[in-house]
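J.: I'd like to go over a predicted model; first the sequence, then the structure.
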Amino acid sequence: MLKYPVILVEDDQSVMVTSPDFPELTTYGMDREEAIARAVDALEEALASRIHDGRDVPLPSQGRDAAVLPTLTAVKVMLYRGMREQGIGKAELARRLGWHLPQVDRVLDVQHNSRMDQMDAAMGAIGRHLYVRDSVR
């Protein structure tokens, strides 16, 4: 799970959301709950833009309020970060997986509903593994 901090600024009619990790992120909601829900959507858009442009995606910093990424989006971010850390481009990932380049583009597209087996294979191709853990106690 990836939780990126958000800053909520309330006024009489709405709640503005910004993010210290993504200066380009700004959105609003009528209340805190709606603002955080919209922050998740805005965060996914910021991530999609950064991945598309080949820019850095930071690890989450600390904060009181946070936007929690959906699991699939978090895995895509971890794949992208792992590829960048190791200097692995899309073409090399495609070669390692025996995939065509459009398939690699889809596993990195946060708007595409990739299958978890594809994500697991892509993570394995860069030497990383997915583990699921029940954190409810």
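T.: Arrived safely, thanks for sending. What you see is a predicted model; the values in this text were computed from it and never measured.
J.: give me the low-pLDDT residue ranges for this protein?
T.: Residues of the chain meeting the criterion pLDDT under 70: 136-137.
J.: ok, the biggest strand by length in it: who's next to it in the sheet?
T.: In the chain, taking DSSP state E as the definition, the longest strand is strand 3-10. Partners of strand 3-10 in the sheet, by DSSP bridges, are strand 15-18 (antiparallel), strand 65-68 (antiparallel).
J.: export these to TSV and tack on distance to R55 and mean neighbour count?
T.: Every C-beta, even on glycine, is put in place using the N, C-alpha and C of the backbone. Output for the strands paired with strand 3-10, formatted as TSV (distance: least, C-beta to C-beta, whole Å; neighbours: other C-beta atoms under 10 Å):
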stretch	distance to R55	mean neighbour count
strand 15-18	18	19
strand 65-68	19	19
